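What shape does this take:
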Amino acid sequence: MLLTGTFAAYLTHTPATHALDAAEARGKQIYVEGSSAGEGEINAIVGDEGVTLPGSALPCVNCHGYDGIGRPEGGVLPPDIRWSQLVKTYDHVHENGRRHPAFDEASLALLLRSGVDPADNLIDRVMPLYQMSGEDMADLIAYMKYLEGDVDPGVDEDRIQVGSLLPLGGRAAALGQAMAQVMHAHFADVNEQGGVFGRRIELLTVPFGASAEESLDNLRMAYASEGIFALVGAYTVGLDEQILEMTREDNVPLVGPFTLDPGDSLFDAAAFYLYPGFDEQVRVLSDRALADGADAPHVLVVGPDEPRADRLVGNVRDQLRQQGKAEPAIVRYPSGEFDASQVADKARQGDSEALIFLGGQDELERMLDELSGNTRPPRVYLLSSFLRRPLFDVSTVFDRQIFIAYPTFTSDITAEGRADYQSLSERHALPREHVQAQIAAYAAAKLLVEGLRRAGRDLSRERLVEGLEALYTFQTGLTPPLTYGPNRRIGARGAHVLAVDLVNKTYTPVGNSWHEIR
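Residues are numbered from 1 along each chain as shown. So this is what the prediction gives:
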């Protein structure tokens, strides 16, 4: 199926936005945050009583909006402060009858400091007065001159263009096409119902290249040339760190990327993940080991001597420490030099009750074979992403003694969510393959739409981030409830835990399956 909105011929386009110069960028910080980019102090003086507050408590954006037009609030209508309006040559007449001629830089600075307009009228004291240095005032006015042109890429009065980086060719083409189709379908339904505050959502699919760097180059060119407001449902497996860095550099929100492991360096980026990564899953396994009766000194952690395992071992130690427990026993081994008998001896000598294993499946199966000879083998805890095949052929001494963490499971999908997806699939003739990837992409599209609705008509990337950060137990019907915040970027913090039933050759949920991190 040929998809509309694919990324093509971008070299014929010109960059979508003007880059702020240094003064404008400093001025934007004052306008949006009420704070100086330098060492200067900014204060807001409020009301007839002259109460002094930090400028960060009353930044300009609170009343005048990111576009400078202002929105009615509490019976007060902030004036339109776009530069094109401030410098109009004919008389300015306000609702209360106050008149004054056009502003220039000096008269605007005077008004901001003293509350006196160009006709020497005092303005309503609902408007705070601001104390700041001459340099900060010059920066603020430099930004205000450009304010109405500082619109985030991909947004105009009747459309929002979002992007997704997907494998649209090669071996994974069917998966990428399926993800794109389900997002196109959902956005088409939203658009048919009037869009979001009258704006239709358009999806631009950016294809993978022949290498990771070529894929990233495609995305960079799309940012520069096509006007992408946010990324949604992007396939970021193996590219997470690079895309997070791009997200920081370009200030492009990343909503619901499809990946195995978000990593642990995402909190300073505008990234919002659906499912838990390895960090959360290994913390759940640590909690599960304690709940199953193991004491920390009798927890053995085994993994290769490599950076990813370093991080996961650190998470196990930290999670046990948070529960007031002692250090676990740890065995590390050089990559490719795993000694299963050494691990079995260590487990026996330490009377290990639980073993969290962070290596590959071939190493795991050799280890289980060795452990089966121990008088009392430990319970074994694993990450599902590290397994390539079922574990039904290992020794039955491990029946229901092997526990696997999964980031998502069929029980995440509610009856309403299943019916919703089936209806979408039938109406838009979605493919029957790669359903799990479609579910993830559909949930990402739903998350984006909810964030856009919460951002409001006065849309900006900052407001989208604020809208997503405000979500609490948001129900997609396709995932566990999603909660975000300024310091929370993974919506479902926890994991499913399933036990391996070697007799019936199946996996069975432990408890209610989903385990929140304690």
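
and residue 442, how many neighbours does it have?
27 (other CB atoms under 10 Å). In short, each C-beta sits where N, CA and C put it, glycine included.

wait, isn't it in contact with residue 189?
No - contact between residue 442 and residue 189 fails when scored by CB atoms under 8 Å: they sit 11.0 Å apart.

Could you tell me the per-residue confidence at residue 281?
With respect to pLDDT, residue 281 has a value of 96.

That one is in what secondary structure piece?
Residue 281 is located in helix 278-291, with elements delineated by DSSP states H and E.

So the closest residue to residue 334 other than its chain neighbours versus residue 358, what's the distance?
Excluding the flanking residues, the one nearest residue 334 by CB to CB, 6 or more residues apart in numbering is residue 305, at 5.5 Å. According to CB to CB, to the nearest Å, residue 305 stands 11 Å off from residue 358.

between the two, who's got more neighbours?
More neighbours surround residue 358 than the other of residue 305 and residue 358, with 26 against 12 (other CB under 10 Å).

residues in contact with the more buried one?
By CB atoms under 8 Å, 6 or more residues apart in numbering, the contact list for residue 358 reads 282, 301, 302, 303, 304, 309, 312, 313, 383, 386.

hey, which helix or strand in the protein has the poorest pLDDT?
The helix or strand of the chain with the poorest confidence is strand 92-93; it has a mean of 81 (mean pLDDT, DSSP states H and E).

can I assume residue 256 is in contact with residue 273?
Yes - in this structure, residue 256 is within contact of residue 273 by CB under 8 Å, at 7.1 Å.

So residue 65 sits against residue 458, correct?
Yes - the pair residue 65 / residue 458 is scored as a contact, 4.7 Å apart, by CB under 8 Å.

what stretches of the stretch 201-350 of the chain score poorly on pLDDT?
263-268 (pLDDT under 70).

which residues in it form strands?
With strands called from DSSP state E, counting those that start in this stretch, the stretch 201-350 of the chain shows them at 231-232, 254-255, 271-272, 299-304, 329-333.

what angle separates the fourth one from helix 278-291?
When you say that, I think you mean strand 299-304. Strand 299-304 runs at 150 degrees relative to helix 278-291, counting by axes from the mean of the first three to the mean of the last three CA atoms, to 10 degrees.

now what about strand 299-304, what contacts it?
So strand 299-304 is in contact with 286, 289-290, 309, 312-313, 316-317, 320, 328-335, 338, 343, 346-347, 350, 352-359, 367, 378, going by CB under 8 Å, 6+ apart.

how many neighbours does the residue nearest to residue 501 when sequence neighbours are not counted have?
With CB to CB, 6+ apart as the criterion, residue 501 has its nearest non-adjacent residue at 5.2 Å, and that residue is residue 508. Neighbour count for residue 508, taken as other CB under 10 Å: 11.

Beta-bridge partners for residue 508, please?
Bridge pairing for residue 508 (DSSP bridges) gives the partners residue 499.

residue contacts, it?
Here residue 508 is in contact with 400, 498, 499, 501 (criterion: CB under 8 Å, 6+ apart).

Any quick PyMOL command for the buried ones out of the residues you listed?
Selection of buried members from these for PyMOL, criterion 16 or more other CB atoms under 10 Å:
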select buried, resi 498+499
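
right, and the pair among the contacts of residue 508 with maximum separation?
400 and 498 (10.4 Å; CB to CB).

So residue 128 sits against residue 43, correct?
No - under the criterion of CB under 8 Å, residue 128 makes no contact with residue 43, lying 9.1 Å away.

quick one: which of the two has more around it?
Between residue 128 and residue 43, counting by other CB under 10 Å, residue 128 is the more crowded of the two (23 against 18).

Return the backbone torsion pair for the more buried one.
Note on residue 128: its backbone torsions stand at phi -70, psi 160 [degrees, to the nearest 10].

Kindly indicate whether the residue lying closest to it once chain neighbours are set aside is helix, strand or coil.
Of all residues not flanking residue 128 in the chain, residue 44 sits nearest, at 4.1 Å (CB to CB, 6+ apart). Look at residue 44: counting by DSSP: H, G, I helix; E, B strand; the rest coil, its state is strand.

Residue 44 and residue 110, how far apart?
17 Å.

Helices along the stretch 201-350 of the chain, start to end?
212-226, 240-250, 278-291, 307-322, 340-349 (DSSP state H, counting those that start in this stretch).

Can you say which of these is nearest to residue 171?
helix 212-226 (14.4 Å).

quick one: that closest one to chain centroid distance?
With CA atoms, centre = their mean, to the nearest Å as the basis, helix 212-226 stands 20 Å off its chain's centre.

Report the buried residues of that helix.
When burial is assessed from 16+ other CB under 10 Å, helix 212-226 yields the following buried residues: 215, 216, 218, 219, 222, 223, 224, 225, 226.

Packing partners of that helix?
Helix 212-226 is packed against strand 159-166, strand 200-207, helix 240-250, with contacts defined by 3 or more CB pairs under 8 Å, 6 or more residues apart in numbering; DSSP states H and E.

contacting residues for residue 365?
Counted by CB under 8 Å, 6+ apart, residue 365 has contacts 391, 394.

Against residue 382, how distant is it?
Distance, residue 365 to residue 382, using CB to CB: 11 Å.

again with residue 262
In this view, residue 262 and residue 382 are 19 Å apart by CB to CB.

now swap in residue 410 and tell me
Going from residue 410 to residue 382 by CB to CB gives 19 Å.

These two: which has the busier surroundings?
Ranked by neighbour count (other CB under 10 Å), residue 410 and residue 382 place residue 382 first, with 23 against 11.

re the thing from before, what's the very next helix or strand once past the least confident helix or strand of the chain packed up against?
Remark: after strand 92-93, the chain's next helix or strand is strand 99-100, criterion DSSP H and E. Judged by 3+ CB pairs under 8 Å, 6+ apart, the packing partners of strand 99-100 are strand 92-93.

Which strands or helices does the strand it packs on pack on?
In terms of contacts (3+ CB pairs under 8 Å, 6+ apart), strand 92-93 is packed against strand 99-100.

what about the strand it packs on, average pLDDT?
Across strand 99-100, the average pLDDT comes to 89.

contact partners of it?
By CB under 8 Å, 6+ apart, the residues outside strand 99-100 that reach it are 91, 92, 93, 117, 118, 119, 121.

quick one on the thing from earlier: would you list the helices of the stretch 201-350 of the chain in CSV and tack on distance to residue 133?
Below are the helices of the stretch 201-350 of the chain laid out as CSV (distance: least, CB to CB, whole Å):
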stretch, distance to residue 133
helix 212-226, 34
helix 240-250, 29
helix 278-291, 44
helix 307-322, 44
helix 340-349, 64
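
just those helices: most buried one?
Burial of the helices of the stretch 201-350 of the chain is given as mean neighbour count (mean count of other CB atoms under 10 Å); helix 278-291 ranks first at a mean of 24.
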